[in-house]
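K.L.:
generate a structure from the sequence data that follows.
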Amino acid sequence: MAASVATLVVSLLLPAAPASAHGQLATSTPLTGTVVREPLPQLTLFFTEKPAANAHFAISGPNGSRVDSGWSFGEPKRLDKPVTEYFKVNGVFEPRLYHTGFPALVTVAHWPAKGRYTASYLSVASDGEAVRGDVTFDYQGPSTPAPAGWVAPTAGPDATLLAQAEGEGEGSASTGATGGPADATGAPPSDPAGAAEEQRDGGFPAWLVPALIVVVVSAIVLVAARRRPATRGASTPSRRPAGSAGKGGTPGRKAATPARKPGNRSGGPPRRGRR
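P.N.:
Okay, the predicted model is just below:
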């Protein structure tokens, strides 16, 4: 019982781990889960920093065949909703807001049929972390023919990109300590020397979680230790023979009918005999 209570309390006290990935997808056109009713010449994916030059993008149609035809960089734009990313500084995750989206324009060669389309991407952020994911949507517009001589691409990410993605996170510690990638204004955010052991914007102190766990577990163990002797020592008192008085109890009953003394029935002195 105590263990289950401790697990429940600890799970409630632990905060959700912040996402520490950088350069992630901020928004897209179309958005994931939406319905597209007209053939688009391209898909636009906005990231919190400029994608790598060797980033890989692919668009697959309902039958699994690819319909993408290359990609290019677009003009940055201000995001309608800022994106929060976390950088690890001195062992603590600190949030930073990004207000600018850096687009990748992925050309769509044709729309062969109605159905589910998936745009996948793979890149590497400036801190060395992999940036990968999918944008899935439903196409309900008219079919369009493939360009003359069209051949669906089959090439995947190049070897250099794959090697960088597999080694993700190696540069995250040094990047976070020096400020990381540039923000929406173009200036790299700086971290003051000796940053406080607490997240910005009302974050959760790193030392508070283990301290709360120790306090909760200690309290549960103490309560259990106090209750255990009382439980073991408790016993049912044995029955005493009828008529004997227990400690502090009611004395046993006396004989119901007292012995009669000799004499008359009225209780007077005994009659003398005749002389």
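
K.L.:
surely residue 221 is within a helix?
P.N.:
Yes. Counting by DSSP: H, G, I helix; E, B strand; the rest coil, residue 221 falls inside a helix.

K.L.:
which pLDDT does the model give residue 224?
P.N.:
With respect to pLDDT, residue 224 scores 72.

K.L.:
low pLDDT regions in this protein?
P.N.:
Within the chain, the stretches with pLDDT under 70 are 1-21, 168-212, 214-215, 227-275.

K.L.:
neighbours of residue 88, how many?
P.N.:
18 (other CB atoms under 10 Å). The way it works is simple: take the backbone N, C-alpha and C, and place the C-beta from them, glycine included.

K.L.:
where does it fall, secondary structure wise?
P.N.:
strand 77-89 (DSSP states H and E).

K.L.:
using PDB, list the CA coordinates for that strand.
P.N.:
Output in PDB follows, covering the C-alpha atoms of strand 77-89 (Å, rounded to 0.1, in the frame of the first residue of the first chain):
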ATOM      1  CA  LYS A  77       8.200  35.000 -42.200                       C
ATOM      2  CA  ARG A  78       7.000  35.900 -38.700                       C
ATOM      3  CA  LEU A  79       5.100  33.100 -37.100                       C
ATOM      4  CA  ASP A  80       1.500  33.700 -35.900                       C
ATOM      5  CA  LYS A  81       2.300  31.800 -32.700                       C
ATOM      6  CA  PRO A  82       5.800  31.700 -31.300                       C
ATOM      7  CA  VAL A  83       7.500  28.400 -30.700                       C
ATOM      8  CA  THR A  84       9.200  27.500 -27.500                       C
ATOM      9  CA  GLU A  85      12.400  25.400 -27.500                       C
ATOM     10  CA  TYR A  86      14.600  24.400 -24.600                       C
ATOM     11  CA  PHE A  87      18.400  24.600 -24.300                       C
ATOM     12  CA  LYS A  88      20.400  22.800 -21.600                       C
ATOM     13  CA  VAL A  89      22.500  25.300 -19.700                       C
END
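
K.L.:
and it, what's buried?
P.N.:
By neighbour count on 16 or more other CB atoms under 10 Å, the buried set for strand 77-89 is 79, 83, 85-89.

K.L.:
of these, just say which sits nearest to residue 100.
P.N.:
Nearest to residue 100, judged by CB to CB, of the buried residues of strand 77-89 is residue 79 at 6.5 Å.

K.L.:
hang on, that closest one packs against residue 47?
P.N.:
No. If you go by CB atoms under 8 Å, residue 79 and residue 47 don't touch, sitting 10.5 Å apart.

K.L.:
which neighbours do the two have in common?
P.N.:
Common contacts of residue 79 and residue 47 (CB atoms under 8 Å, 6 or more residues apart in numbering): 26, 101.

K.L.:
surely residue 144 meets residue 113?
P.N.:
No. Counting by CB under 8 Å, residue 144 stays clear of residue 113, with 10.0 Å between them.

K.L.:
which stretches in the stretch 51-200 of the chain count as helices?
P.N.:
Along the stretch 51-200 of the chain, the segments classed as helices by DSSP state H, counting those that start in this stretch run 159-166, 172-178.
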